[in-house]
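Undergrad: just a sequence and a predicted model for now, questions to come.
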Number of protein chains: 2
Amino acid sequence: MTPDTFHLSSFLPYRLAVLSERVSRRLSVEYGRTHGLVVAEWRVLVHLLRCGAVSVRDIHNCVNLEKPRVSRAVSRLEAEGLVQKTQGEGDGRLVAISLTDAGYRALADIIPAAKQIERHLVKAVSPEDLATFFRVMDHIHTVLDDDPEAKPRTAMDLRPAPATPA
Amino acid sequence: MTPDTFHLSSFLPYRLAVLSERVSRRLSVEYGRTHGLVVAEWRVLVHLLRCGAVSVRDIHNCVNLEKPRVSRAVSRLEAEGLVQKTQGEGDGRLVAISLTDAGYRALADIIPAAKQIERHLVKAVSPEDLATFFRVMDHIHTVLDDDPEAKPRTAMDLRPAPATPA
DNA sequence: CCAAACTCGTTGCAAATGAAATGATATTGA
DNA sequence: TCAATATCATTTCATTTGCAACGAGTTTGG
């Protein structure tokens, strides 16, 4: 009955956690050193580039950050002058958050470097293997989608860019 | 020069982070509900099962947890009666941490469930695709190993169980 | 032999985190 | 109309986190 054999180093959740943390940290070195950002701020900026003026709730729903974390990230970014908050037009509760010119410039600086790091990580991986890699990741998400004990996926993560368009 | 197109949802570091967090959380539901453990405690227990009486430093080096986190996890586990600390024989600084019978029983309970969850996640993935998946993960690690900006891998994570033994 | 340098585990502390509460605004339904 | 309910962003609060400092023990080199 005693489970004599169980290797953390071949256990999928552990492996994912270790790799993810290492990759995230490597990336954060980049935008941390160059612009003093942390991961939450980076995600907010990137989301704003894509979606323009949006609410805290929208960011929360799209980039996998808890609401308070988004709120605080936005505050810091506003203090740094990278985003601006304007009172929502119709709904008085909503806050419209958008990039400032400085925010754009920061992204224009960081994004190429981020892409470069990503490219470097998988440079030597064949397109087929990379497609398989992403497909397996997505499959795991799909399994979790049917698991009532798992946290639901955010809407945005449901439809990642297709690796192999049919 | 403006990077018009950058999708977080297809960005490798982000995808890894989201999946990893979701998988970790699903797993922690298991050992959290059944034994009140958090991830650090789970990792410590599993490592002890494999390596017997070891030091805080050794755990730190093997399961990707900062030293203070290991120290605190061990304290909690000791308070719960799942591990015991004995003064190191030769070196007075070292503490020999080992599982108690209750610790063994807890693992005997959790590990099958953990394996079950892992199996469930990749049940429908072909062995070849799964091997590719792990191979790509390991390749990314290898790239980071050569990157001076990246945090070094722990010794234990260097040699994961081979997916396809030759 | 012993002082300097190192290693071990723990603790202090400041920052980050997330669940829940709060205050403000919108929407609903009677 | 207007109370009851829901939603939004923020704040509160207790906990967790990691870096750095620390005290204790060990090794090294003169």
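TA: Noted; the coordinates are in hand. Numbers count the residues shown, from 1 in each chain, chains lettered A, B, ... in the order given.

Undergrad: which outside residues touch the host helix or strand of A:Met156?
TA: Under the criterion of DSSP states H and E, A:Met156 resides in helix A:155-158. Helix A:155-158 has contacts (CB atoms under 8 Å, 6 or more residues apart in numbering or on different chains) with A:61-64, A:141, B:8-9, B:18. Every residue, glycine included, has its C-beta placed from N, CA and C.

Undergrad: could you measure A:Arg25 against DNA strand C, distance?
TA: The span separating A:Arg25 from DNA strand C equals 12 Å under the rule CB to the nearest atom of the strand, to the nearest Å.

Undergrad: I meant to write A:Leu144 there.
TA: From A:Leu144 to DNA strand C the distance is 16 Å (CB to the nearest atom of the strand).

Undergrad: try A:His47
TA: 16 Å.

Undergrad: what is the neighbour count of that residue?
TA: 22 (other CB atoms under 10 Å in any protein chain shown).

Undergrad: pLDDT value on the residue lying closest to it once chain neighbours are set aside, please?
TA: Leaving out its chain neighbours, the residue that sits closest to A:His47 by CB to CB, 6 or more residues apart in numbering or on different chains is A:Val63, at 5.1 Å. We have a pLDDT of 96 for A:Val63.

Undergrad: quick one: A:Val63 from B:Ala17, how far?
TA: 10 Å (CB to CB, to the nearest Å).

Undergrad: and the strands in chain A?
TA: Assigned by DSSP state E, chain A shows strands spanning A:83-87, A:95-99.

Undergrad: what residues does chain A have near DNA strand C?
TA: Applying CB under 7 Å from any atom of the strand, we find that chain A lies next to DNA strand C at A:38-40, A:65-69, A:72, A:90-93.

Undergrad: looking at those residues, which is nearest DNA strand C?
TA: Using CB to the nearest atom of the strand, A:Gly92 comes nearest to DNA strand C of the residues of chain A next to DNA strand C, at 2.6 Å.

Undergrad: for that closest one, the count of nearby residues, please.
TA: As a measure of burial, A:Gly92 has 8 neighbours, counting by other CB under 10 Å.

Undergrad: please indicate which of the contacts of helix A:155-158 are buried?
TA: A:61-64, A:141, B:8-9, B:18 (16 or more other CB atoms under 10 Å in any protein chain shown).

Undergrad: sort out for me which of those are in helices.
TA: A:61-62, A:141, B:18 (DSSP state H).

Undergrad: so which residues make contact with stretch A:113-127?
TA: A:23, A:26-27, A:30-31, A:34, A:130, A:133, B:6, B:11-13, B:136, B:139-140, B:143-144, B:147.

Undergrad: same question for stretch A:141-152.
TA: Here stretch A:141-152 has contacts from A:153, A:157, B:19, B:22-23, B:25-26, B:29-30, B:120-121, B:123-124, using CB under 8 Å, 6+ apart.

Undergrad: still on that earlier bit, which of the contacts of helix A:155-158 lies closest to B:Ile111?
TA: Lowest distance from B:Ile111 to the contacts of helix A:155-158 (CB to CB) belongs to A:His141, with 24.4 Å.

Undergrad: from A:Arg15, how far out is that closest one?
TA: A:His141 is 16 Å from A:Arg15, by CB to CB.

Undergrad: DNA strand C: which of the buried ones among the contacts of helix A:155-158 is nearest?
TA: For these, the closest approach to DNA strand C (CB to the nearest atom of the strand) belongs to A:Asn64, at 9.4 Å.
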